[in-house]
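**Student:** I'd like to go over a predicted model; first the sequence, then the structure.
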Amino acid sequence: CAGCVPSTMGNVMTAVSAHSDETLMGLLASGQDAVLAELVRRYQNDVFRFCLHYLKNVESAKDMAQETFLRVYAARDRFDVDRKFKPWMLRIARNLCLNALRRSQLVQMEALEGLGGPRNDIKILGLFSETPEDRFVITERRRALLEAIDTLNGESREIVVLRYFQRMSARDIAEIMDSTEGAVRTRLHRILKQLREHCAPLEEHL
């Protein structure tokens, strides 16, 4: 009966939404193109924000997010279902953004105001204070932190963004940047040490 169609469709969508990302990619590779919509639903906002951080332009980020999913679809047969989908997808987005920046000769990866906000991030860098009376000190420390980040080379800034802005694990960052987890952890340790050393003189005067 006609009334049964919505129920059937609803059951299909429920079944699709219950699958893992990797399973959906397997289904996509097998010819079930409709499951791409579920991957887009899950990650369109994440990919948009990821691209926006690189491109600093809303419309460009939207276009690049759309292009990312087109590339995901185009590469569906080459995806290894034993790998994690999200780092693989974000690596595609990263490469697209970096290529776009190279074409337009832009050097970005700045404006990390988000890094200075969350309490956990600042605690990691030893720059968070609890009391309201310390607002001036917090502001000065945040300014010093952003200045310190600005002194990093592009790849180091990118690692900071992925770890603290995107809150990704070292393993996932390694996947995105075509590196190893150990190399990322070592690099991150050096970066944080460099940031602390840069901010140390300010600590002596506050």
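**Tutor:** Done, it's in.

**Student:** the bottom helix or strand of this protein by mean pLDDT?
**Tutor:** Across the helices and strands of the chain, mean pLDDT, DSSP states H and E gives its lowest value to helix 119-124, namely a mean of 42.

**Student:** How about the contacts made by the most centrally placed residue in the chain?
**Tutor:** Nearest residue to the geometric centre of the chain (C-alpha atoms, centre = their mean): residue 166, 4.1 Å. Residues counted as contacts of residue 166 (C-beta atoms under 8 Å, 6 or more residues apart in numbering) are 50, 53. Heads up, the C-betas are built off the backbone N, CA and C, glycines and all.

**Student:** Tell me the spacing between it and residue 22.
**Tutor:** Distance, residue 166 to residue 22, by C-beta to C-beta, to the nearest Å: 20 Å.

**Student:** Pull the number of nearby residues for residue 102.
**Tutor:** 10 (other C-beta atoms under 10 Å).

**Student:** Also residue 31?
**Tutor:** With neighbours defined by other C-beta under 10 Å, the count for residue 31 comes to 8.

**Student:** Tell me the helix or strand right after the least confident helix or strand of the chain.
**Tutor:** Once the chain leaves helix 119-124, the next helix or strand it forms, by DSSP states H and E, is helix 135-150.

**Student:** buried ones in whatever helix or strand comes next after that next one?
**Tutor:** Counting by DSSP H and E, the next helix or strand C-terminal to helix 135-150 is helix 154-160. Buried residues in helix 154-160, counted by 16 or more other C-beta atoms under 10 Å: 156, 157, 158, 159, 160.

**Student:** Which positions in the helix of greatest length in the chain come out as buried?
**Tutor:** What stands out as the longest helix in the chain, according to DSSP state H, is helix 181-205. Buried residues in helix 181-205, counted by 16+ other C-beta under 10 Å: 184, 187, 188, 191, 192, 195, 198, 199, 202.

**Student:** tell me the pLDDT at the residue nearest to the centre of the chain?
**Tutor:** Per-residue pLDDT puts residue 166 at 72.

**Student:** do the same with residue 92
**Tutor:** The model's pLDDT for residue 92 equals 94.

**Student:** Could you do the one 5 residues further on as well?
**Tutor:** Residue 97 is assigned a pLDDT of 90 by the prediction.
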